[in-house]
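> got a sequence here, can you build the structure:
(2 chains)
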Amino acid sequence: MRILVLMRQLPDLVEELEISSEGTDIDRELVKFVMNEFDDQALEEALLLKESSGAEVVVVALDEPDVDQALYTAIAKGADRAVKLTGVSNERWMSTHERAAILAPYVEESAADLVLTGVQAADDLDGQLAGVLAGLLGLPHAAVVVGVELKDSTVLVTQELGGGRSVDEEIDLPAVLGLQAARQAPRYAPISKIRQVTQAGGIEEVAAHTPPEASATAISLRRLYVPERSGHAEMLEGTPGEVAERIAEILRSRGLVKG
Amino acid sequence: MVLRIAIGGAVVLIGLALGGARLWWLARLIRSGSPAPGRTKGALRRSWAELAEVLGQRKLLRRRQSGIPHALTFWGFIILLFTVIEAFGDVFSSKRFAIPGIGHSPVLGFLEDLFAVVVLLAVISFVVIRLVDSPARRERRSRFYGSHTGAAWVTLTLIALVMITLLGYRAAQTNTGDFPYGSWAFASHAIGGWLAPLGRGTNSVIETTLLLCNVAVIMGFLVFVTYSKHLHIFLAPMNVGLSRRPRALGALEVTDGGSGARTIEQLSWKHLLDFATCTECGRCQAACPAWNTNKPLSPKLLVMGLRDHLFTSAPRLLAAGHGASRGSALTSSNGASSAEGKVVGQSRGSSDAPAAPALVPDVISPDVIWACTTCGACVEQCPVDIEHVDTIVDIRRGLVNDGKMEASVQQVLENIAQQGNSFGKSGRMRARWVRELGFPVKDARKEPVRYLWFVGDFASFDERILELSRTLAHVLHDADVDFGLLYEGERNAGNDVRRIGEEGLFEMLVEHNMSTLNGAQFESIFTTDPHSLNTLRNEYPAYGLDKPVLHYSQLLQELLESTAITVKPLGTRVTYHDPCYLARHNRITEAPRKVLHALGCELVEMPRHGLNTFCCGAGGGRIWMSDDPALGERPSENRIREAVALGVDTFVVACPKDFAMYSDAVKTTGHEPDLRVVDLVELVATALETATLAAVSGS
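Presented below is the predicted three-dimensional model:
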């Protein structure tokens, strides 16, 4: 049983992001990159599956800024192998479709039984990666997954549906899952362990298959904006009844409710 | 006579055999511990400690009520060693046995009698102390709570019996003509006077009986001692002699590269000796901020629990021999160890026999280990120099290396690893507070400065506290102090990271800060945070830092004394809270007081001040852990109540974490209207403004 965990590097959002002079990307010069937090959930779930079933866990990432640290951290946490796909430009933003197209051939070659990745990322709030990848590979897919249990040739998946409801379903392997949350909080990798792993090296570098240029679905980006500050907050005071009445009035005046 | 020798000889042989076997067993058990390097270095300092703490009873005498009777008993037993020799001589050689070289000096006779009586009186005061502070009645508030009180009563009884039989046989000897001392042995003669009417024959029987009883009680006592907490009679001098000097505070002990202790095998032999030495006196417990606010940690109960575990683990430890300790041969306590790629979490974890129970949670609850603020009150108090904090942090290291910690602590460690600060804010924002100063602050990485200000996380990122940083910057600027910052080159100094038990992260922070410091030009460092001060001053030298490290209170004191700052007296009545890491760990208690004095403040001391200060509850990473409100008040709230009772309206702090903790605590205790929490530098700035205003209006 081989589980692939696909990881993405994102600009650390504690930094103040700035738009580059071209106006179509953020300024990547000074920004620090960190692992997508949902991918950390996917890794945790994979490690839990490894502990319960002895599966092999392989983390896979594109050669993006600060990716080595994320890969070594994954090994320190218990991943068996770390693969870095090289030969892809890491100096610009990459659309999720493009990313999926680069990952798909590797996933296919790797003979993985299960592919896990974060349900979404700061630059993929729609959560397309798992779905698009599954589509390219012709594999079953589930998103917003909060629990995974391995069977012989299937996987039992708990999927959050929203509104407090969730669904359990059995999916044939291999499959691609977008993880919302692992069954437990991501574990801690002590720095001494990460340093020791880093010293030992062991990241496998694999040349990525470059996808055909700009497919039909590719987005052409014209300009990035910093969100403009607008509007203001109004504090509603009074008894709950008065406040409710005021809310209803606002909603009516904006045409959001009838009557 | 033959009977006397036979009985006496049998008693002595049995006693020596039983006691000796037990001591041999203990020695093997303690030696099975992991290495503790550097425990015999500095013979002079260690000899001084023996003189001051053992012979001089320095730490015991801090608590007068029990310290004085203890010191008298201790000195009494040294004098009474002579009577023991004499008693054995009387049994085995001849009556009127004299110690060679000393003989039957009347002074010796006097001292022997005097101390026999003094020790009896001391025993009475011990009885009173134990009755007044009875754990059965006072429960957690008693320092004897959880101690083996039964053994204590047996000990007191045995001591009393030693003295009674001693005085008894000596008194009888005055009537049989065998007593070698004249009237200077006042007590023996006085009691002899009461026994005289019984006649010479009866007195002779009393003499032999009580002499044999005396030898028997002494031997019985010796055997009992080796099986009870009274073992400290033998072990305390050893433990004091082998403890860290000058004290087990300041720098933390790191053995085996900081991989941590998961089982009793992995604790160092010094800490095993600590456990065996504990007298269960409870001075640590009485001073502990965790115990005093209903938390599950008592340093004493922790040590007792580990001792019980040590003893019950004896078959396994002794069977394994000496080799089964930490997997690595490397035992240096200096930094550059993890770079050698040692397997943390495996070297010590997997090489153990599966039978060894985990210290946490099998022996100790994790709550106990995490309740510690590392304030050092226990270490400061302990009369036998047990090193509680080192043991607790070593156990924490094992937990952290296995990823076992509270989620909030994990988050903070990840923040510090990623961003270099506990707030999880961008490292580039660290010196943003400087922007609003209205004057430039030098970048010590680019131009030489006299003082390098190591600001620390709280004073750089916490909204309330960076105001105080600005105030300090203004004061220094106005006084023409040549200072600079490391700007975004500074990272968390790592004091609390190390005390949480994340040794690898600590080393990473030190390496980063040292490389920045090495690229900066400065004469000395000053810090806002006493925690940063502690690690920079006591731990960074192992990584190459060789500049003096001051606290800003010391700098302010210097400026006031050199009249670089002139102030107008404030005349405020204040109390001052000593930060643990300033006062206890680094002995800096005078500077802030001198500043207050120079400001014309009337300082009203809290009962717990100076080296005996009471922790705010933030140290050792506790500031990042959650408090269970069901466990009662927080240490900071307890402290605020102590201050309020003084009737002052100003509570002065000199630590950013204190400012945060106490600003909250005055609110939660409802004392916000009557107690103002101010930082030392705020008072200086106020006095300065007043002075400037006065100068302006006067001109």
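
> any low-confidence regions in the chain?
Picked chain A for this. A:211-218, A:259 (pLDDT under 70).

> let me rephrase: I mean chain B.
Using pLDDT under 70, chain B drops low at B:1, B:94-95, B:321-354, B:690-699.

> can you name the residue of it nearest to chain A?
residue B:504 (2.9 Å; Cβ to the nearest Cβ). Any C-beta I mention is one placed from the backbone N, CA and C, and that applies to glycine too.

> tell me which stretches of chain A form strands.
A:2-7, A:9-11, A:33-35, A:56-62, A:81-86, A:114-118, A:141-150, A:154-162, A:165-172, A:175-179, A:203-207 (DSSP state E).

> so what strands line up beside the last one?
In other words, strand A:203-207. strand A:81-86 (parallel) (DSSP bridges).

> list the buried residues for the strand it pairs with?
Of the residues in strand A:81-86, those buried by neighbour count under the rule 16 or more other Cβ atoms under 10 Å in any protein chain shown are A:81, A:82, A:83, A:84, A:85.

> not including adjacent chain positions, what is the nearest residue to residue B:622?
Residue nearest to residue B:622 in three dimensions, not counting chain neighbours: residue B:373, with 4.8 Å by Cβ to Cβ, 6 or more residues apart in numbering or on different chains.

> okay, now that neighbour: neighbour count?
The number of residues packed around residue B:373, counting by other Cβ atoms under 10 Å in any protein chain shown, is 25.

> residue A:223 now?
8.

> just checking, it touches residue A:23?
Yes - contact criterion Cβ atoms under 8 Å: residue A:223 and residue A:23 qualify, at 5.1 Å.

> related to what we said a few turns ago, show me the contacts for the residue nearest to residue B:622.
By Cβ atoms under 8 Å, 6 or more residues apart in numbering or on different chains, the residues touching residue B:373 are B:289, B:290, B:580, B:615, B:617, B:618, B:619, B:620, B:622, B:635.

> tell me the spacing between the third one and residue B:530.
Distance check for residue B:580 against residue B:530: by Cβ to Cβ, to the nearest Å, it reads 8 Å.

> so who does residue 96 touch?
As the question left the chain open, I've gone with chain A. A:123, A:124, A:126, A:128, A:129, A:132.

> try chain B instead
B:90, B:104, B:178, B:180.

> quick one: contacts for residue 79?
Answering for chain A, as no chain was given. So residue A:79 contacts A:5, A:43, A:46, A:47, A:57, A:58, A:59 (Cβ under 8 Å, 6+ apart).

> nope, chain B
Neighbours of residue B:79 in contact, by Cβ under 8 Å, 6+ apart: B:111, B:112, B:114, B:115.

> gap between stretch A:50-60 and the chain center?
From the chain centre to the centre of stretch A:50-60 is a distance of 19 Å (Cα atoms, centre = their mean, to the nearest Å).

> show me what counts as buried in that stretch.
A:50, A:55, A:57, A:58, A:59, A:60.

> okay, the contacts of residue B:373 in a markdown table with neighbour count and secondary structure next?
Below are these laid out as a markdown table (neighbours: other Cβ atoms under 10 Å in any protein chain shown; DSSP: H, G, I helix; E, B strand; the rest coil):
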| residue | neighbour count | secondary structure |
| --- | --- | --- |
| B:289 | 28 | coil |
| B:290 | 26 | coil |
| B:580 | 31 | helix |
| B:615 | 33 | coil |
| B:617 | 28 | coil |
| B:618 | 28 | coil |
| B:619 | 29 | helix |
| B:620 | 29 | helix |
| B:622 | 29 | helix |
| B:635 | 25 | helix |
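
> quick revisit: most surrounded residue in the contacts of residue A:96?
residue A:129 (27 neighbours).

> other residues contacting stretch B:506-513?
A:191-192, A:195, B:258, B:335, B:338-339, B:416-417, B:420, B:486, B:490-494, B:497-498, B:539-540, B:543.

> out of the buried residues of strand A:81-86, the closest to chain B would be?
Using Cβ to the nearest Cβ, these come closest to chain B at residue A:82, 17.5 Å.

> residue in chain A nearest to chain B?
Counting by Cβ to the nearest Cβ, chain A gets nearest to chain B through residue A:192 (2.9 Å).

> count of neighbours near that residue?
With other Cβ under 10 Å as criterion, residue A:192 counts 31.

> ditto for residue B:504
26.

> do residue B:644 as well
18.

> what do you get for residue B:386?
29.

> picking that back up, which of the contacts of residue B:96 are close to chain A?
By Cβ under 8 Å from any Cβ of the partner chain, no member of the contacts of residue B:96 lies near chain A.

> who wins on neighbours among those?
residue B:90 (25 neighbours).

> could you pull up the contacting residues of that residue?
B:96, B:97, B:178, B:211.

> ok, residue A:72 - contacts?
A:82, A:194, A:197, A:198, A:203.

> the first one contacts residue A:67, correct?
Spelled out, it's residue A:82. No - the criterion here is Cβ under 8 Å, and residue A:82 misses it with residue A:67 at 9.4 Å.

> what do those two both touch?
In contact with both residue A:82 and residue A:67: residue A:61, using Cβ under 8 Å, 6+ apart.

> for the residue of chain B closest to chain A, give its distance to residue B:48.
36 Å.

> equivalent analysis for residue B:664, please.
43 Å.

> now swap in residue B:138 and tell me
Counting by Cβ to Cβ, the gap from residue B:138 to residue B:48 is 37 Å.
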